[in-house]
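Student: Any chance you could fold what I've pasted below:
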Amino acid sequence: MKNIDQIIKKSLENHELPYNEAAWESMSKRLDGTTPSPFYRKWWVAASIGTILVGSAIFFSLNSKSESSKAIEPNTQIANESNTTVQTNKPTENRLNSHDTPQTNTLNEQQNASNSTEKVEESTNPHRISNEIPEVTASNNSNPPIINAQKSENGNHGTPSEQKTYLPVLITQTNLCIGDEIEITNPNDGLSISVVQNNRTQIIKAGSKKVITANNEGAIEVVSGKTVQTITVNKPNDKLYISADPTILYDNGIPSIEFNVAGNESGVQWSVEKYHGEIRNGNFIVHPYTGKDITVKVTSKDLNGCTVSETKNITLKEEYNLQAVNTFNINSNDPRNTRFMPYALIERNVAFELFIYDAKSGRVIYKTNDTSSGWDGTDMNTGSVVQLNSIYGWKVIMKNPLPGEPKEYKGTILVNN
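Tutor: Numbers count the residues shown, from 1 in each chain. Next comes the predicted model:
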């Protein structure tokens, strides 16, 4: 060993000799001026040398064991440090006891060293460590949240919505067309369902219902829990074409406009605003008793069952107004032009009443309910011909007007000579 002198020096600096009564008495006699006997001087020297040798042996033994115990676990090192502390304190206790002999101190030190070695061996015993570790693990690793999470995964816990079962939603139609409506009812108690269309979600609460309008081609999804029901939305792919002649046709004095359609794969439905219409020979007949503007609409179904429609507007060349002329000549050579009677009344043979009145005063100057008795320009109140080249008013009251027909017709008439 290269540094043995330093080790011995350091050991001697930290070592304290035990109390020796004989040595102390010898030292006292020297201080008092008396010379001790040779026997005691020799014994003191031998005891000192023996003590140094024993102390060095104990130091090297402890140092060797301390280095070998560095690989022991932290718990073992703590035990070793505790035992070493006990050993260090033992000589102090021995010094307090004035009746111990040097031999006794030496034996006590050896015994302490033996006890320290035994305690180190006990602390490094794997059986003892294994007996103590489970107690620490049991007290430090209890974790209630992990236990609860395991119960939740096993199905013992969960939210009410996870434990309930969704009832099936009744879908009356699985195919819709744009513009169609469908009513969806949520049969569940305490659970909401959702309807998804065009990336927008509508919520239907428990026990409620909602009318959903299909507004775009694609699909509508009804989501109840993990179940998704799909409703297909189709776009109409057919087009209808309406044709008509704006010239009025008179059937026994009744005005008629005929409409027809092309492009339909199935039956059609017609409708008209303000006027009366009827189906005749597959065509749509409208009776424009008043006015000149007509709007009709036709609808049909395409191959997907979607509704297709078309609208058409026409303007008539003339207005019906009972086919009445606006002037007559009482001196004409044509007997049909010497009297005033709306022509449609003659053709229709219906119950009516015709009134002629003075446009300025409003006074009635003629009336009849017979198509053969047209007005010839005579004022029935005076019996004389009215002033010629003047305008007079007329009014017809229909006793039994047809569907869509007004009860009264009005106009003016110019009397020429």
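Student: ok, residue 165 - contacts?
Tutor: Residues near residue 165 by C-beta atoms under 8 Å, 6 or more residues apart in numbering: residue 225. For glycine as for every other residue, the C-beta is placed from the backbone atoms N, C-alpha and C.
Student: now it: how far from residue 190?
Tutor: Plainly put, residue 165 is 11 Å away from residue 190 if you go by C-beta to C-beta, to the nearest Å.
Student: Give me the helix or strand of the chain that scores worst on average pLDDT.
Tutor: Least confident helix or strand, the chain: helix 144-153 with a mean of 36, by mean pLDDT, DSSP states H and E.
Student: Which residue ranges of the stretch 151-300 of the chain form strands?
Tutor: Per DSSP state E, counting those that start in this stretch, the stretch 151-300 of the chain carries strands over the ranges 175-177, 181-185, 193-197, 200-204, 209-213, 218-224, 227-234, 241-244, 249-251, 254-262, 269-272, 276-280, 283-287, 293-301.
Student: can you put these in TSV and add distance to residue 377, mean pLDDT and mean neighbour count?
Tutor: Compiled in TSV, those are given as follows (distance: least, C-beta to C-beta, whole Å; pLDDT from 0 to 100; neighbours: other C-beta atoms under 10 Å):
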stretch	distance to residue 377	mean pLDDT	mean neighbour count
strand 175-177	64	91	18
strand 181-185	64	95	15
strand 193-197	73	95	19
strand 200-204	74	94	12
strand 209-213	65	94	13
strand 218-224	73	94	18
strand 227-234	68	94	16
strand 241-244	40	93	15
strand 249-251	27	90	12
strand 254-262	28	94	18
strand 269-272	40	94	16
strand 276-280	36	93	14
strand 283-287	32	95	20
strand 293-301	35	94	18
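Student: what's the closest of those strands to residue 417?
Tutor: Ranking these by proximity to residue 417 (C-beta to C-beta) places strand 249-251 first, at 30.4 Å.
Student: Parallel or antiparallel, which strands does the closest one pair with?
Tutor: Strand pairing for strand 249-251, using DSSP bridges, gives strand 254-262 (antiparallel).
Student: now the angle between strand 276-280 and the strand it pairs with, please.
Tutor: Calculated by axes from the mean of the first three to the mean of the last three C-alpha atoms, to 10 degrees, strand 254-262 forms an angle of 60 degrees with strand 276-280.
Student: what's strand 254-262 in contact with?
Tutor: 240-246, 248-250, 268, 270, 280, 282-289, 294, 296, 298, 300, 310, 312, 314, 316, 320, 344, 348, 402.
Student: Including distance to residue 334, could the strands of the stretch 151-300 of the chain go into a markdown table?
Tutor: Formatted as a markdown table, those follow (distance: least, C-beta to C-beta, whole Å):
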| stretch | distance to residue 334 |
| --- | --- |
| strand 175-177 | 61 |
| strand 181-185 | 63 |
| strand 193-197 | 72 |
| strand 200-204 | 74 |
| strand 209-213 | 64 |
| strand 218-224 | 71 |
| strand 227-234 | 64 |
| strand 241-244 | 34 |
| strand 249-251 | 21 |
| strand 254-262 | 25 |
| strand 269-272 | 38 |
| strand 276-280 | 34 |
| strand 283-287 | 30 |
| strand 293-301 | 33 |
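Student: can you tell which of these is closest to residue 327?
Tutor: Per C-beta to C-beta, nearest to residue 327 of the strands of the stretch 151-300 of the chain: strand 249-251, 20.5 Å.
Student: neighbouring contacts of the closest one?
Tutor: Contacts of strand 249-251 with the rest of the structure, by C-beta under 8 Å, 6+ apart, involve 255-258, 323, 344, 347.
Student: what's the neighbour count on the nearest residue to residue 376 once chain neighbours are set aside?
Tutor: Nearest in space to residue 376, with sequence neighbours left out and distances taken as C-beta to C-beta, 6 or more residues apart in numbering, is residue 339 at 5.1 Å. The number of residues packed around residue 339, counting by other C-beta atoms under 10 Å, is 15.
Student: and if you look at residue 186?
Tutor: Counted with other C-beta under 10 Å, residue 186 comes out at 23.
Student: was I right about it contacting residue 207?
Tutor: Yes. Counting by C-beta atoms under 8 Å, residue 186 touches residue 207, with 6.4 Å between them.
Student: Go ahead and confirm the residue nearest to residue 376 touches residue 328.
Tutor: Yes. Between residue 339 and residue 328 there is a contact under C-beta under 8 Å: 6.8 Å.
Student: mind pulling up the phi and psi values for the residue nearest to residue 376?
Tutor: Note on residue 339: backbone dihedrals following degrees, to the nearest 10 are phi -140, psi 160.
Student: if I pick it, what's in contact with it?
Tutor: 328, 374-376.
Student: Which of the residues you listed are buried? Put it as a ChimeraX command.
Tutor: Here is the ChimeraX command that selects only those of the contacts of residue 339 that count as buried (16 or more other C-beta atoms under 10 Å):
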select :328,374,375
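Student: In CSV: the contacts of residue 339, plus distance to residue 170, secondary structure and pLDDT.
Tutor: As requested, the contacts of residue 339 are exported to CSV (distance: C-beta to C-beta, whole Å; DSSP: H, G, I helix; E, B strand; the rest coil; pLDDT from 0 to 100):
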residue, distance to residue 170, secondary structure, pLDDT
328, 72, strand, 92
374, 70, coil, 94
375, 71, strand, 95
376, 76, coil, 93
